[in-house]
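Q: Structure here, sequence nowhere to be found:
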């Protein structure tokens, strides 16, 4: 099956392989297709890989009101229930990392290991509020998701990746996904995720945790990842040289090495 229903929202997911379940959570404005470089390596490592589209994103149902981090985390729990999975490893990038933090804090028994990539613990800042307002305005404008994608692409992936054949293929695929996205739904997400703050609760995370940062990430710089790592007992920190914000894509080999090493049985 490709869908599950939670709170009258019909959300899309896809899964690959078998073994220990791993859920991959994407960033705002993106879809589960952003995790394509990780699927084969994780399956080869013996994982059951589960890749949802967040509400309002990709093939999931459009939304007409704000949804926050806690709402999106409850969607993940509903997906695990739908699949009869008691506990899964959670891998989240950017917005997906915030959802991972909320799951680790609010549904600890459902989370095995935790990977927070290019993420941050709080959206309760003036800078993020201004950014979210800008995103929402762009998303609601004509062809908003495409405009936002084209504008953010240089910040999200490295120059070396943008110049590569794989970068060109990824740009074309993601551009097409943006063209089919619902700008109003993405705007509601941008507004809904503001004012989440787990920065004072990271020490409560008990799961084995890996923090991944990109050396060239201007949205979630390595210093922020290191600070998060210092607050989570026993957490590991990996900085990927030359990676920008979507490090799993522009530096897939290094990202996959760190990920599969951490998730190894």
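A: Everything's here; your move. These numbers were taken from a predicted model, which means no experiment stands behind them. Numbering: from 1, shown residues only.
Q: For residue 206, which non-adjacent residue is closest in space?
A: residue 108 (6.3 Å; CB to CB, 6 or more residues apart in numbering). For glycine as for every other residue, the C-beta is placed from the backbone atoms N, C-alpha and C.
Q: what's the neighbour count on the one you found?
A: 13 (other CB atoms under 10 Å).
Q: Going forward, the N-terminal residue is numbered 57.
A: Yep, numbering from 57; the last one is residue 164 now.
Q: Next one: it relative to residue 190, how far apart?
A: Counting by CB to CB, to the nearest Å, the separation of residue 164 from residue 190 is 34 Å.
Q: cool, and residue 306?
A: 23 Å.
Q: So if I had to pick from the two, which one is more boxed in?
A: More crowded of residue 306 and residue 190, by other CB under 10 Å: residue 306, with 27 against 13.
Q: residue contacts, that one?
A: 213-214, 216-217, 223, 270, 298-300 (CB atoms under 8 Å, 6 or more residues apart in numbering).
Q: my read is residue 290 is in a helix, agree?
A: No: Residue 290 sits outside any helix when classified using DSSP: H, G, I helix; E, B strand; the rest coil, being coil.
Q: That one contacts residue 264, doesn't it?
A: Yes: the criterion here is CB atoms under 8 Å, and residue 290 meets it with residue 264 at 6.7 Å.
Q: Those two: which has the busier surroundings?
A: residue 264 (18 against 10).
Q: residues contacting that one?
A: By CB under 8 Å, 6+ apart, the neighbours of residue 264 are 168-170, 290-291, 318.
Q: Counting neighbours, which of those residues comes out on top?
A: Of the contacts of residue 264, with other CB under 10 Å as the count, residue 170 tops at 24 neighbours.
Q: got a list of what that one touches?
A: 145-146, 156, 160, 261, 263-266.
Q: name the element it belongs to?
A: strand 167-173 (DSSP states H and E).
Q: Strand partners (parallel or antiparallel) of that strand?
A: Applying DSSP bridges to the sheet, strand 167-173 is found paired with strand 144-149 (parallel), strand 265-270 (parallel).
Q: And the average pLDDT for it is what?
A: Mean pLDDT, strand 167-173: 98.
Q: which SS class is the residue lying closest to residue 242 once chain neighbours are set aside?
A: Excluding the flanking residues, the one nearest residue 242 by CB to CB, 6+ apart is residue 195, at 4.4 Å. Assigned by three-state DSSP, the conformation of residue 195 is helix.
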